[in-house]
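Novice: only geometry, no sequence info:
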């Protein structure tokens, strides 16, 4: 019976938080969020595009929905996830090619990825505010 | 008393057999990722342009043939990449074999329907508004 309670990898709850592990988990979380959001946005786009083609799948409240603050906040969160996942994905591709394995450069590239994606999210928000979205 | 064994339960076959495809999943996750990097660089440029001039960007994305093609390829490849990634997450965190298989199959199915419908809708919209 004892064999059935062997710990199962990954040991998230007993793992000491480090830059590498947190960024790795964040990569998965943003990836999963992007996947669900992508499917949802696809169906939203299908509804809107079909409406212009004369097929009404949903009422006119779709247009009201994409104008709410909730949806805009969702898009801002989505843009951070996209920037982060894209940049961290490039970092992963460099690892797969065999570069950047030293602890120091790993931590540096991790901090750089978070900083750049936060900066890009800020720039997106600024651009949206300037153009009154 | 039976002899002490150092082997784990994994020595028993789980009834699923070999995977038959060792490197396929890993390889295509990387290939789709590498292909998505330039596509998303372009798409982020379009998003930032959209914030400045929405009408121009929507017209470009939906009604100029090459941009629409890029857009459709981007959506299809993203969902493919997402399916591969989501499968890994399911395999790592869902420990019940039954729930795991059901989730992954549902994910395949929903993704496939989404890809077909979104491609159809975009092309239909292009054709009737051209």
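Specialist: Structure's in. What do you need? Every value quoted in this text rests on a predicted model; they were computed, and no experiment measured them. Numbering: from 1, shown residues only, chains lettered A, B, ... in the order given.
Novice: okay, CA-based contacts and neighbour counts for the rest of this
Specialist: Noted.
Novice: so where's chain A uncertain?
Specialist: In the predicted model, chain A carries pLDDT under 70 at residues A:1-12, A:57-61.
Novice: That one against chain B: which residues are in contact?
Specialist: With CA under 8 Å from any CA of the partner chain as the criterion, chain A meets chain B at residues A:3, A:9-10, A:28, A:31-32, A:34-35, A:38-39, A:42-43, A:45-46, A:49-50, A:52-53, A:86, A:89-90, A:93, A:124, A:127-128, A:131, A:133.
Novice: which residues of the chain fall in helices?
Specialist: All of this refers to chain A. With helices called from DSSP state H, chain A shows them at A:19-52, A:61-65, A:69-96, A:103-130.
Novice: I was after chain B.
Specialist: With DSSP H applied, chain B shows helices at B:24-52, B:54-63, B:65-93, B:97-129, listed in chain order.
Novice: Identify each buried residue in the last one, please.
Specialist: Of the residues in helix B:97-129, those buried by neighbour count under the rule 16 or more other CA atoms under 10 Å in any protein chain shown are B:100, B:103-104, B:107-108, B:111, B:114-115, B:118-119, B:121-123, B:125-126.
Novice: Tell me how many other residues surround residue A:68.
Specialist: The tally of other residues near residue A:68 (other CA atoms under 10 Å in any protein chain shown) stands at 10.
Novice: With adjacent residues omitted, what lies nearest to residue A:85?
Specialist: Closest residue to residue A:85 in three dimensions, ignoring its sequence neighbours and counting by CA to CA, 6 or more residues apart in numbering or on different chains: residue A:27, at 5.8 Å.
Novice: Select, out of the helices of chain A, the one closest to residue B:94.
Specialist: helix A:19-52 (14.2 Å; CA to CA).
Novice: The closest residue to residue A:72 other than its chain neighbours: how many residues sit nearby?
Specialist: What sits nearest to residue A:72 in space, not counting adjacent residues and going by CA to CA, 6+ apart, is residue A:66, at 7.4 Å. Counted with other CA under 10 Å, the neighbours of residue A:66 add up to 13.
Novice: Residue A:66 reaches residue A:75, doesn't it?
Specialist: No. The pair residue A:66 and residue A:75 fails to qualify as a contact (CA atoms under 8 Å) at a distance of 9.9 Å.
Novice: any chance of the helices of chain B in JSON lines, with mean pLDDT and distance to residue A:112 too?
Specialist: As requested, the helices of chain B are exported to JSON lines (pLDDT from 0 to 100; distance: least, CA to CA, whole Å):
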{"stretch": "helix B:24-52", "mean pLDDT": "94", "distance to residue A:112": "18"}
{"stretch": "helix B:54-63", "mean pLDDT": "92", "distance to residue A:112": "30"}
{"stretch": "helix B:65-93", "mean pLDDT": "95", "distance to residue A:112": "24"}
{"stretch": "helix B:97-129", "mean pLDDT": "94", "distance to residue A:112": "33"}
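Novice: In JSON lines: these, plus distance to chain A.
Specialist: Putting the helices of chain B into JSON lines (distance: least, CA to the nearest CA, whole Å) gives the following:
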{"stretch": "helix B:24-52", "distance to chain A": "6"}
{"stretch": "helix B:54-63", "distance to chain A": "9"}
{"stretch": "helix B:65-93", "distance to chain A": "5"}
{"stretch": "helix B:97-129", "distance to chain A": "6"}
